[in-house]
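**Q** Kindly return the folded structure for what I paste below:
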Amino acid sequence: MARVEPRTPLAAYVHARTAASAGALEQASAGFAAAIDNAPDNGLVAAQALAHGVTAGDWPLSLRAAATLERLGELPPDARFLLVADAFRSGDWRAARRHVDAVERERLFAFAAPVLRAWLAHGSGQGDPLAALPEAAGGAATAYAAEHRPLLLAAAGRPEAARLMLEGQAEGGARGLRLRLAAAGALARRGERAAALALLEGEEAPLAVGRRLIAARRPVPGAVATAPAGVAELMLRIALDLNAQELTAVAASFARLATFAAPDNSHAWMIAAELLAEDDRRDLAVALLDNVAAADPFAEAARDQRIRLLLQAGEGERAQTLAEAAAAAPGASAADLVRLGEVLLDRERADEAARAFERALELRAGDESAPPEWALWLFRGGAHDEAGDWPAAKAALEQAYRLAPGQPLVLNYLGYAQLERRENMEEAERLVREAHRLAPDNAAITDSLGWALFLKGEIDEAVALLELAVEGAPADVEINEHLGDAYYSAGRRLEARYAWAAARVYAEGEAAARLDAKIEAGLTPQLAAR
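**A** Below you'll find the model as predicted:
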């Protein structure tokens, strides 16, 4: 770490804040350490050092700052979890008990205390971990306890953990997969391979990787088999719940603490990266994903996340380089080619994207994690459409329709693409009407049917549907423009201009110019939306 030796406490503090703002993390850490040296009783300096240390993952600095704040009686309740994690990591159960008591006493996060006590009992071997968990008291404490009961059973090698996990798991998506893998890894470590495999049934790629690892008698990364791992999982849940309340900065700190408590928990790194990106720290967010091992069940998801964050940061070339490398690697999968196609589309290289999706179709045979064939034809058709090759696009979309005639996305794309071109209008309306029947809450599909009715001259019915579509997607440029055109045609000129103005907020290029003209002069045949 770089050393700085400023002459005054203020100079050290200013140096640290300036370096942190510039993204020079090591220099900022050195500056904050010097500032604490020079002002050991300054709570503001310690608080800023703690916030920086947690974000940057400088745990020695973080712990030193937290100890200073605790000595001064100024330790925030969320920062208490750093001391909890450190005590659990070091096996200092006496200190862990003291900090868990403080979590409960400080009240803000008291709902987490029962789960902390359960993992404390598991780690120390003192008492029954499950006895610490509330059964049906209601509230947050019970919900958190319900999530950790099967994890504690799995950590103890009790096969009924699998049944309890599957029965009680209402949460799907990446979080649900993560909990199943966490419990399966713990069961496998205790020799309960059959119970572990029962948790990993399904087509999702992380589950398939987990099954392969267990079949090869290799450990599953991120298993919740120890007390620190359990505490990390608790902090991740708190992070997700805080972020749902739009407390992103605090949520990011909890996710970062989870990476300290359990460095092999890939989901912790991914959630921390996502939350830091939301907090405008995409540079650091991308770097955090280096900690997800190549053999981890979530390695592919982490690669997708890295590429997406790079695209959001305007680093399309780096994103494309990563996607191309994965697609060219030995054993590349259909998913690797789909990822490349999506990056190429984002970079407006639609012809190349169409070829990537074509290669994905060639690779999907025998690949259990590959997207459905109809989806690949849909992707390919969309790429041809973006490239301006409508005959090739239509052929691909029709193939997707033959393979999946009941898929709303296929029905909508094939129908709306024809509406845009004012061709085969009766069949196009039938397609989008069926899509709407199957997915009535999808704003884009509702817009398609509303637009079909508008083109047919059924203006009142069109307005009603387009208003519903705008409610579902209030920032969508195309839907707002469609509603404006429908309002104008219904004689509602003021409302039309409001709708066009809403569309104009996010519009670019040709669409922006067309909307400006409509707002100024009204709707003419030349200015009609597609």
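
**Q** Mind checking what helix or strand follows the helix-or-strand element of the chain with minimal mean pLDDT in sequence?
**A** Averaged element by element with mean pLDDT, DSSP states H and E, the chain has its least confident helix or strand at helix 9-21 (a mean of 72). For helix 9-21, the following helix or strand on the C-terminal side (DSSP states H and E) is helix 25-38.

**Q** mean confidence for that following helix?
**A** The average pLDDT for helix 25-38 rounds to 84.

**Q** what helices or strands is it leaning on?
**A** On a contact count with 3 or more CB pairs under 8 Å, 6 or more residues apart in numbering; DSSP states H and E, helix 25-38 meets helix 9-21, helix 43-56, helix 59-72. Every C-beta, even on glycine, is put in place using the N, C-alpha and C of the backbone.

**Q** For those helices, give me JSON lines that also has mean neighbour count and distance to residue 347.
**A** Shown next, in JSON lines, are the helices and strands packed on helix 25-38 (neighbours: other CB atoms under 10 Å; distance: least, CB to CB, whole Å):
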{"stretch": "helix 9-21", "mean neighbour count": "18", "distance to residue 347": "31"}
{"stretch": "helix 43-56", "mean neighbour count": "22", "distance to residue 347": "31"}
{"stretch": "helix 59-72", "mean neighbour count": "19", "distance to residue 347": "38"}
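
**Q** Need those helices in TSV (columns: distance to residue 361).
**A** Shown next, in TSV, are those (distance: least, CB to CB, whole Å):
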stretch	distance to residue 361
helix 9-21	48
helix 43-56	43
helix 59-72	47
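
**Q** Just the buried positions in stretch 185-199, please.
**A** For stretch 185-199, burial by neighbour count (16 or more other CB atoms under 10 Å) applies to 185-190, 192-193, 195-199.

**Q** domains in the protein, as residue ranges please.
**A** Here the domain assignment for the chain is 1-75, 108-281, 432-530, based on automatic domain parsing.

**Q** Of the ones you listed, which is nearest residue 338?
**A** Residue 338 sits nearest to domain 108-281 of all the domains of the chain, at 12.0 Å, using CB to CB.

**Q** Would you work out how far apart the start and end of that closest one are?
**A** Using CA to CA, to the nearest Å, one end of domain 108-281 lies 27 Å from the other.

**Q** contact partners of stretch 464-484?
**A** With contact meaning CB atoms under 8 Å, 6 or more residues apart in numbering, stretch 464-484 is reached by 441-444, 446-447, 449-451, 453-454, 463, 486, 495-500, 502-503, 505-507, 511, 514-515, 518, 523, 529.

**Q** how much distance is there from it to the middle of the chain?
**A** For stretch 464-484, the distance from its own C-alpha centre to the chain's C-alpha centre is 26 Å (CA atoms, centre = their mean, to the nearest Å).

**Q** With stretch 149-156 instead?
**A** On the basis of CA atoms, centre = their mean, stretch 149-156 sits 26 Å off its chain's mean C-alpha point.

**Q** what comes up buried for it?
**A** Within stretch 149-156, the residues that qualify as buried are 149, 150, 151, 152, 153, 154, 155, counting by 16+ other CB under 10 Å.

**Q** Can you tell me what sits against that stretch?
**A** Under CB under 8 Å, 6+ apart, the answer for stretch 149-156 is 118-119, 122, 129-130, 133, 160-162, 164-165, 168, 179, 182-184, 186-187, 190, 224-226, 229-230, 233.
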